[in-house]
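Visitor: generate coordinates for the sequence data below:
(one chain, ligands or ions: 1)
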Amino acid sequence: MADFIQIKLCRICHSPKLIEFFSLGVMPPPNLFPKNHPRNLKRESFYPLDVCLCQNCGLVQLKHTVNPNIMFKDYIYVTSGSKTMVNHFEGLAKDIMGRIKTSSEPLIVDIGSNDGTLLEQFLKYKVKALGVDPAKNLAKLAKSKGIETIASYFNQITSQKIKSKFGKAKVITATNVLAHVGNLHDFLEAVENLLDTDGIFVAEFPYLIDLLDKNAIDTIYHEHLSYFSIKPLLLLFGMHNLEIFDVERLNVHGGSIRLLVSHRQKTDKHNGVNKLLKLEESFGLNKPETYHNFAKKAYSKRQKLTNFLNSLKSKNCRIVGYGAAAKGNVLLNFTNIGKETIEYIVDSTPQKQGRLTPGTHIPIFPEAKLLEDMPDYTLILAWNFADEILKKNSQYRKQGGKFILTVPDIKIV
Ligand code: TMP
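Guide: Numbers count the residues shown, from 1 in each chain. Below you'll find the model as predicted:
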C-alpha cells in the first residue's frame, strides 16, 4: 500500500456520495514522536486530514487512509498510563463477566490489546485471555506481564488461526479500535467467525454526537478513520449477521459509547438503540448543515485559542502544555501553535519523554518539571483526563499555577 490513499467510496455502504465538510490541513500522524535529531525531523511525513459525510448511510469518515503500518507497528501510547482507563476497564470486565453464560475458562479475545491493561482485569476471573495487537513493542510488553498476545492486525486470517488453536470466543472486546479499522467488512466477518453462538462482542469508541456537541476538533486524526453514530452501524452490523443488543453512553475519551453485539437473534431487545436513533435524528446527524456548522465553529475556536494564548504571551506569561496526547498534537498542528508559545510539555509516558511533538517539535519532559519550574499557565492537552490531572497537580495550583482547558470552551481553572 502507498503511504496514503484517497477513498472514493464510503467505508460502510460503498456509496460515492461523500461530501467533505472540514479540513484540518496536513500534519504528521499524532502518535509519531520524532527524536530530537535533525535527521529524524527531516524525515517527518505530513498527510492530509479532511473529513467527509456519506450522504447515503451517514457515516462520517476521513477522506484519506494513511498506511496503518506507518502508525501502528510501533505504538507509543500505553493504556496503563492512565488510572481513569484502568478503573474503566475494571468496570467493563465486571459487567461482561456478569453477563456471559458460564463455561469453564471462557476465551476472551481483546483486539487492539495494547499492553494488556483490559485483559489484566479479565484475568481476575477464571478465563483464558488472548490479546491481538499489531504493535510488536506492545505485544512484547504484554507478554512480559504474562498475557498471551498475537502481534498482528485482527482480520479474517488472524481470526481463523485463533479459532483453530483456541476455539470460539465467548467475549471479543475492541475498545478504541473500530474507528481505526480501514476494512470494516473484513474486520466484522472476522468477529462473526470467531464469536461463540451465545458470545458477546464489545465495542467502545468515541461517539459522533459528543464530538460535534463539544466541538472536540482534536479527536479527529489519521488513526480515526470513522466517527460513528448508531445509524450507519446498524447497517454495518446487519450486513454481517450481527446485532446490537445494548448500547450505553460513557464519559471516557470525551464521550464514547459501548455497544454489546451478538449474532443476529431476531428479537426486539435492543436496549437503548431506539433512544439514540431518535437523539441522532433530532441532533440533525442526517443533515449536511450540522457538519458545516461544526466546521465554522472549529475555525472560529482556532482563532479564539491563538488570540488567547498570544494575549498571555504579550503579558510575558510563560505557558507550557500537559499531556503529549495524540489529540493535543492535532490541536497544536491545527492551530499552528509551536515552541514560540508553548515552551515544553510534561507527560507521564517514559517513551514520550525526551522526544518532540510531531510537526510542532515541542520538547517533552516528565510531569515533575511542572512544580519545579512553576510556569504561569499550563494548557491541558490531554483534556479527557483533566480531572485526574487537576487532582494530581493541586500543589501547582496552590502555588499560583493556572490550568487552561479548551473543551468544550476555552477556560482558565
Ligand atoms: P491520549 O489522549 O492520546 O490517550 O494521551 C494522553 C496522554 O496524557 C498520555 O501521553 C499520558 C498523558 N497523561 C499524563 O501525562 N498525566 C496524567 O495524569 C494522565 C492521566 C495522562
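Visitor: name the residues of the helix or strand of the chain with the lowest mean pLDDT that are buried.
Guide: One helix or strand of the chain scores below all others by mean pLDDT, DSSP states H and E: helix 38-42, with a mean of 89. Of all the residues in helix 38-42, not one is buried under the rule 16 or more other C-beta atoms under 10 Å. Backbone N, C-alpha and C define where each C-beta goes, glycine included.
Visitor: with just CA atoms, put it into PDB.
Guide: The C-alpha coordinates for helix 38-42 follow below in PDB (Å, rounded to 0.1, in the frame of the first residue of the first chain):
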ATOM      1  CA  PRO A  38      17.900  16.800  12.500                       C
ATOM      2  CA  ARG A  39      17.800  13.500  10.500                       C
ATOM      3  CA  ASN A  40      14.500  12.400  12.300                       C
ATOM      4  CA  LEU A  41      12.900  15.800  11.900                       C
ATOM      5  CA  LYS A  42      13.700  16.000   8.200                       C
END
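Visitor: for the closest residue in space to Cys57 that isn't next to it in sequence, give me its contacts.
Guide: Computed as C-beta to C-beta, 6 or more residues apart in numbering, the closest residue to Cys57 that is not its neighbour in sequence is Cys13, at 4.0 Å. Going by C-beta atoms under 8 Å, 6 or more residues apart in numbering, Cys13 touches Cys54, Asn56, Cys57, Leu59, Pro232, Leu235.
Visitor: spatially nearest residue to the fourth one (excluding sequence neighbours)?
Guide: Distances taken as C-beta to C-beta, 6+ apart place Pro232 nearest to Leu59, at 4.2 Å, with adjacent residues excluded.
Visitor: before we move on, what about the second one?
Guide: Closest residue in space to Asn56, ignoring its immediate chain neighbours: Ser15 at 3.6 Å, by C-beta to C-beta, 6+ apart.
Visitor: which stretches of the stretch 201-350 of the chain have low pLDDT?
Guide: For the stretch 201-350 of the chain, the stretches with pLDDT under 70 are 266-267.
Visitor: which SSE is Gln121 in?
Guide: Using DSSP states H and E, Gln121 falls within helix 117-122.
Visitor: which outside residues touch that helix?
Guide: With contacts defined as C-beta under 8 Å, 6+ apart, helix 117-122 is touched by 79-80, 85-86, 89-90, 92-94, 96-97, 108, 110, 113, 129-131, 142, 145, 147, 171, 173, 175.
Visitor: contacts only, for the residue nearest to the spatial centre of the chain.
Guide: By C-alpha atoms, centre = their mean, the chain has its centre lying nearest to Asn176, at 5.1 Å. When contacts are counted by C-beta under 8 Å, 6+ apart, Asn176 touches Gly112, Glu204, Phe205, Pro206, His253.
Visitor: repeat that for Ile70.
Guide: Applying C-beta under 8 Å, 6+ apart, the residues near Ile70 are Asp3, Pro29, Leu32, Ser45.
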